[in-house]
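> Okay, here's the prediction I keep looking at, along with the sequence it came from:
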Amino acid sequence: MLDFRMETFLTVCEYMNFTRAAEVLNITQPAVSQHVHHLEKHYQVKLFHYEGKKLRLTPPGEMLRSAALTMMHDELSLEKRMQSMSKGFQDIRFGATMTVGEVIMARILKQYLVQYPETQLHMEVGNTQELLQKLDDGELDFALVEGFFKKSEYDFLHFSTENYIAVCGPDYPFRKKVRRLEDLFGERLLLREFGSGTREVLERYLDSKNFGIDDFAKTAEIGSLHTIKELTKEGLGITFLYEIAVRQELEKGELKEIRLKDFKLSHDFTFIWRRGSIYADMYRVLFHRFSEIV
């Protein structure tokens, strides 16, 4: 089991406040301080320091936080694996961002379950930030994400590289002739919710050109990939999505690509897990099995 003082340390890291950590853990603030001081004495480093009135982690504190999250993840994973082993099946719990989950995984899982019928699967679809949090909390073993993540905290393998394009309905009535990205700013932009990898790719690209989401005349924030595609088909706005997510609609003529002279973008889909996990070899095996099916 994870040492209770390490649990205290992680709670302080989460709230960056000793008093709030004490309330959450239902212990006294002096007890929280004592637990942190014990770890500092054991590792002979300072774990926190104040910048003005704000509590911050020191570099050794950041290192310990990352290692402790991995230890917690592996402990929770071990408990579930032991329980599933006693019942005679392999339990795999993983996450996928919406494009991966809705577009890619159906075919992979169909073949995987045919090849490995003893497996019990749990796939959770969410945005990148939600899945990273569930990885950190030990709720998922690994995840396939399209968004950005801290490479210092996760081990990862490249799954695929996908083109990212602008699309609209086949008869969309543009306000002006469209040649460049800024020619779209008079249109309604349909986009995913904050925390989505699909949205973050667009936001980072716009920022690199000194633009932003606010440069579009109107926006509609929608947490469903299917709904975004349906609204785009109906001419209610334009959107930016991975080509693989709209390939069928493009082939059927239900959507069309908006070709821009100054917009050429692709992004990696990545298979990730907590850095330093004792299950890294098993995750690599699963990655290769998934990749072979693709």
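Received it, and whenever you're ready, just let me know what you need. Numbers count the residues shown, from 1 in each chain.
> CA atoms for contacts and neighbours, from now on please.
Fine.
> Quick check: what element follows the lowest-mean-pLDDT helix or strand in the chain along the chain?
Of the helices and strands making up the chain, the lowest-confidence element is helix 59-86, at a mean of 75, by mean pLDDT, DSSP states H and E. Downstream of helix 59-86, the first helix or strand assigned by DSSP states H and E is strand 90-96.
> going on from that following strand, what's the next piece of helix or strand?
helix 98-99.
> pLDDT (mean, whole number) over that next one?
On average, the pLDDT along helix 98-99 is 90.
> relative to strand 90-96, how tilted is the next helix or strand after it?
Later in the chain than helix 98-99, the nearest helix or strand by DSSP H and E is helix 105-115. When axes from the mean of the first three to the mean of the last three C-alpha atoms, to 10 degrees is applied, the directions of helix 105-115 and strand 90-96 differ by 170 degrees.
> other SSEs contacting helix 105-115?
Using 3 or more C-alpha pairs under 8 Å, 6 or more residues apart in numbering; DSSP states H and E as the contact test, the elements touching helix 105-115 are helix 280-293.
> how does it look with 6 Å?
Contacting helix 105-115 under the criterion 3 or more C-alpha pairs under 6 Å, 6 or more residues apart in numbering; DSSP states H and E is no other helix or strand.
> Just want the angle from that helix to helix 280-293.
110 degrees.
> can you pull the buried residues of helix 105-115?
The neighbour-count check on helix 105-115 (16 or more other C-alpha atoms under 10 Å) flags 105, 109, 112 as buried.
> middle-most residue in the protein, spatially?
Thr128 (1.9 Å; C-alpha atoms, centre = their mean).
> Against Gly147, how distant is it?
Note on Thr128: its distance to Gly147, by C-alpha to C-alpha, to the nearest Å, is 6 Å.
> overlap in contacts of those two?
Common contacts of Thr128 and Gly147 (C-alpha atoms under 6 Å, 6 or more residues apart in numbering): Gly197.
> Do you have the helices of the chain handy? List them.
4-15, 18-25, 29-43, 59-86, 98-99, 105-115, 128-136, 197-208, 225-233, 247-252, 280-293 (DSSP state H).
> Worst mean pLDDT among the ones you listed?
helix 59-86 (a mean of 75).
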